[in-house]
Every structure is written in C-alpha cells, then in structure tokens.
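>>> Sequence and predicted structure below; questions after.
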Amino acid sequence: MIEFPPSRATALDRLKSFAPKAGSSYARLRNFDLTNHPHVSALSSYLTHRVISEEEVLIEVLRHHTAKDAEKFIQEVCWRTYWKGVLERRPALWDRYKADLNASWNQIQTQSGLRSEWEDACLGRTGIDAFDHWANELVETGYLHNHARMWFASIWIFTLRLPWTLGADFFMRHLLDADAASNTLSWRWVAGLQTTGKTYLARPDNIAKYTQDRFRPRGLAEFAAPLDNPNLPPLGPAPIDSGEGFDGFALHISDLSTDTLAQPNCPIAVLVPSSTEGNLRPSGLQQDFKTALANDACRRIAKLGETPTLVNSADQLNDWVASHSIRRLGFHHLTIGPSHDHISPWLNAIETAGVSLQPQVRDYDSIGWSAATAGFFKFKSIIPRLLDGLRQPSLI
C-alpha cells in the first residue's frame with residue numbers, strides 16, 4: 001500500500017528517487033494503474049501543500065533529462081499550474097461548485113434513493129469491481145492514480161448518474177493531495193462542463209489494458225452526454241505580488257514553503273484551520289496529514305532560530321499579531337479553495353484592525369497564472385518560458 005510520510009525530507013527523497021525515471025520510462029508507463037503505483041512520482045500530496053515546489057521538481061528532473069525527453073512529466077507538472085491559474089482567474093467557478101454541492105446535499109437529505117446510491121458509491125458497494133476498489137483505496141490511502149480518478153469520475157457521472165459535485169466532494173474530503181483547482185476543474189472536464197461538448201467516457205477495454213486485466217468492469221455507460229453547462233464566468237486578473245516588505249510572516253496549509261523566510265527576527269505563524277464544519281470537512285486521514293505537515297514546517301522553521309506559532313483560529317491569529325506588534329503581515333498568496341475560504345476572513349479581520357496585508361506571489365506562479373486564459377494547448381506555448389525562469393529556492 002502506498003504511503004505518504006508527512007515531511008519535506010520524505011518528499012525530497014521521493015523526488016530524488018523518481019527524477020531519473022521522469023523521461024521516456026514515465027511517458028511509456030505513466031497511465032498504468034498498478035499496485036503501489038511504481039511508475040508515477042507520488043509527489044502530488046507534497047506539491048499540494050507546497051512542502052516542495054513545482055520549481056524544485058522541474059529543476060531536479062531537468063538535471064537528468066532534456067526538456068524534450070521529460071516532456072510528458074513536465075506537462076503534468078504544468079497542468080497543476082494551469083488549473084490553478086484557471087481558478088484564480090475565474091473564482092466564480094469555485095462559488096458555483098459550492099452552491100451546486102449544497103443543492104446536492106439538500107437532495108440527499110430529502111431523497112432516500114439518492115442517498116442510498118451515494119452511500120453505496122462512497123463505501124464501494126456498487127457491484128462495479130474496479131469502481132468499488134478505487135473507492136476503498138481512496139478512503140484507506142488518501143490517494144488514487146490519475147487515470148483511476150478519470151475512470152472513477154466518469155463512472156460516477158455517466159454510469160451511476162450521481163451529481164458530479166458529490167463525487168468531487170468525495171475526492172476533496174479524502175485525497176491527501178486534494179487541490180480545489182485540479183479536482184474541481186478535472187471533474188468539470190470529465191462531465192463536459194469545462195470544455196464545451198467534450199466529455200470523458202470510461203471504457204472497459206481501456207481499464208483492462210491499463211490495470212493489466214485486474215479489472216474489466218461490465219455495465220458501464222456507453223455514451224457520455226455533456227451535462228448542462230452555463231457559460232464560463234468572465235476572466236479576471238491574475239493575482240500579483242504586493243512588492244512590499246513585512247514584519248511578520250504567516251505560512252498556511254496550502255503553502256508551507258519557507259522560501260521567503262530569510263528575513264531575520266521575523267515572527268512566523270503557521271495557519272492551519274481546525275474547523276471541520278460544512279461539506280468540505282476532511283477525512284481523519286487527510287486532517288492528520290495536514291497537521292503533521294504543519295508540525296514538520298514548524299520544526300524546519302525552528303532551524304532558522306525562530307520559534308513559530310501554530311495558529312488554528314481567527315482569535316489565535318489576532319492574539320499572535322498583537323503580541324508581536326505586527327503591522328505588515330506577509331503570507332503566500334491564498335489560492336482559491338477551502339483554505340482561502342477559512343483563512344481569508346481571519347486576514348480580513350486583522351486588516352480591519354489596521355494590519356497591512358502583503359501577499360507574496362512567486363514569479364513562476366505569476367507567469368503561469370497570467371497565461372491561463374484559454375485551453376491547455378495554448379498554455380503549453382509558455383512552458384519554455386516557465387522552464388527558463390526556474391530558480392532554486394533557498395529552503396529548509
């Protein structure tokens with residue numbers, strides 16, 4: 001069973017071990033969903049929380065391969081950046097998802113048949129062997145191979161005919177690499193909502209091929225009609241760096257990187273919301289993973305000679321800011337998703353109290369998010385620019 005020890009040291013070891021295999025071997029074998037997932041990097045859970053960064057991963061891979069030889073892997077990393085940029089530029093997609101999810105939850109409360117079907121899907125009791133296996137694997141390990149995620153979403157939507165938002169929520173609550181942009185927009189893509197008229201249909205022969213005949217499910221939908229699709233919301237501006245200094249810095253669970261903490265005598269907090277209210281409440285496995293990563297970040301920060309403070313609520317943040325007389329708070333930009341929903345009100349409260357907020361946006365993110373204006377085919381044209389601008393951050 002694949003495991004994800006919650007530390008930057010583990011992430012770096014995993015990256016070092018995988019990088020030599022990120023070339024032609026990865027391109028040839030990446031789509032196979034096999035036991036223990038030997039042909040993929042298994043770095044996504046660390047990238048989601050920025051325990052390691054995309055830049056670090058790309059730099060290490062390019063030490064072993066040319067950009068051409070590692071093209072497929074590089075594109076997979078850039079898909080993360082692209083999806084993140086799409087949601088940053090169109091945050092209303094996240095608001096729509098949450099509204100539709102709430103509506104689906106209300107249906108579950110009033111329609112016993114739908115509730116039973118939803119429970120069977122989440123508990124792996126549908127009778128579709130592959131699907132049930134993936135449901136159990138997700139709950140037990142917090143991970144699914146990317147190909148399995150696509151098959152699973154397609155079966156959820158087109159065979160089981162369950163609301164897509166409930167499936168996306170199931171992933172968001174259990175995946176250790178749960179990322180609002182990649183998860184929400186990938187489910188939308190499968191359903192035909194993200195790219196007009198384009199859906200993804202899980203086919204038994206494809207599943208059999210890429211699971212090496214572990215599964216060949218019967219009774220799957222043979223046609224995938226796109227779901228009803230309101231127009232995409234208007235494109236907004238990409239987030240920008242404040243360009244200003246700070247006298248205190250707050251890491252948060254969506255970005256635990258220490259690459260901006262070279263400033264001496266700077267009080268540091270690590271923001272980890274403890275709330276489990278609402279439909280996006282995490283599984284115990286996911287919450288424990290986040291907490292352990294935050295504690296690992298605190299230990300790394302302590303090596304700088306600073307004593308970080310773990311902050312779990314708005315009141316704790318307010319007390320920390322007041323105790324250190326912080327007037328300008330720096331923090332990694334909060335990308336759209338659950339952490340943004342939880343932490344933004346905390347930041348707004350201290351801003352109202354007179355603290356100046358100084359969001360930090362990396363050049364890599366700025367370039368990528370600015371280019372996320374259309375489809376990925378267009379986005380690919382700026383990948384060489386992303387690679388040319390890579391820099392090795394100073395991290396602990």
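That came through, no problem. Since the structure is predicted, the reported quantities are computational estimates derived from the model, not experimental observations.

>>> how about the helices of the stretch 1-150 of the chain, start to end?
8-18, 24-29, 44-48, 54-62, 71-89, 92-110, 112-122, 129-141, 146-154 (DSSP state H, counting those that start in this stretch).

>>> Can I get these in JSON lines including mean neighbour count?
Just so you know, the C-beta spots here come from the backbone N, C-alpha and C atoms, and that holds for glycine as well. Below are the helices of the stretch 1-150 of the chain laid out as JSON lines (neighbours: other C-beta atoms under 10 Å):
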{"stretch": "helix 8-18", "mean neighbour count": "17"}
{"stretch": "helix 24-29", "mean neighbour count": "14"}
{"stretch": "helix 44-48", "mean neighbour count": "23"}
{"stretch": "helix 54-62", "mean neighbour count": "21"}
{"stretch": "helix 71-89", "mean neighbour count": "21"}
{"stretch": "helix 92-110", "mean neighbour count": "15"}
{"stretch": "helix 112-122", "mean neighbour count": "15"}
{"stretch": "helix 129-141", "mean neighbour count": "19"}
{"stretch": "helix 146-154", "mean neighbour count": "23"}
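
>>> Minimum distance to residue 179: which of those has it?
helix 44-48 (4.9 Å; C-beta to C-beta).

>>> what does that closest one contact?
4, 8, 10-11, 14, 52-54, 57, 80, 142-143, 175-179, 254, 289 (C-beta atoms under 8 Å, 6 or more residues apart in numbering).

>>> now do stretch 9-17
So stretch 9-17 is contacted by 4, 41, 42, 43, 46, 51, 52, 56, 57, 60 (C-beta under 8 Å, 6+ apart).

>>> try 7 Å this time
Residues from elsewhere that reach stretch 9-17 (C-beta atoms under 7 Å, 6 or more residues apart in numbering): 42, 43, 46, 51, 52, 57, 60.

>>> Which one of those is nearest to residue 246?
Checking the contacts of stretch 9-17 one by one against residue 246 (C-beta to C-beta), the nearest turns out to be residue 51, at 22.0 Å.

>>> ok, now how distant is that closest one from residue 43?
Plainly put, residue 51 is 9 Å away from residue 43 if you go by C-beta to C-beta, to the nearest Å.

>>> Compare the two (neighbour count), which wins?
residue 51 (26 against 20; other C-beta atoms under 10 Å).

>>> pretty sure that one contacts residue 293?
Yes: applying C-beta atoms under 7 Å, one finds residue 51 in contact with residue 293, separated by 6.0 Å.

>>> Spit out the residues that contact those two alike.
With C-beta under 7 Å, 6+ apart, residue 51 and residue 293 have common neighbours residue 256.

>>> CSV for the contacts of stretch 9-17, including distance to residue 360 and pLDDT?
Formatted as CSV, these follow (distance: C-beta to C-beta, whole Å; pLDDT from 0 to 100):
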residue, distance to residue 360, pLDDT
42, 28, 97
43, 23, 98
46, 20, 98
51, 17, 97
52, 17, 96
57, 20, 98
60, 23, 97
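
>>> Would you indicate which residues of whichever strand or helix holds residue 322 are buried?
Per DSSP states H and E, residue 322 falls inside helix 314-323. Going by neighbour count (16 or more other C-beta atoms under 10 Å), the buried part of helix 314-323 is 314, 316, 317, 318, 320, 321.

>>> As a check, name the ranges of all helices in the stretch 201-350 of the chain.
204-210, 284-302, 314-323, 338-352.

>>> Throw the ones you listed into TSV and include distance to residue 383 and mean pLDDT, thanks.
Below are the helices of the stretch 201-350 of the chain laid out as TSV (distance: least, C-beta to C-beta, whole Å; pLDDT from 0 to 100):
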stretch	distance to residue 383	mean pLDDT
helix 204-210	26	98
helix 284-302	28	95
helix 314-323	37	96
helix 338-352	26	96
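
>>> can you redo the ones you listed as TSV with distance to residue 258?
Formatted as TSV, the helices of the stretch 201-350 of the chain follow (distance: least, C-beta to C-beta, whole Å):
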stretch	distance to residue 258
helix 204-210	38
helix 284-302	6
helix 314-323	18
helix 338-352	18
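
>>> Out of these, which gets nearest to residue 159?
helix 204-210 (11.0 Å).

>>> gap between the closest one and the chain center?
27 Å (C-alpha atoms, centre = their mean, to the nearest Å).

>>> Restrict that helix to CA atoms and write it as CSV.
Below are the C-alpha coordinates for helix 204-210, written out as CSV (Å, rounded to 0.1, in the frame of the first residue of the first chain):
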residue,chain,number,x,y,z
PRO,A,204,-13.9,-1.5,-20.1
ASP,A,205,-11.2,-2.3,-22.6
ASN,A,206,-9.2,0.8,-21.6
ILE,A,207,-9.5,0.0,-17.9
ALA,A,208,-8.4,-3.6,-18.6
LYS,A,209,-5.4,-2.5,-20.6
TYR,A,210,-4.1,0.0,-18.1
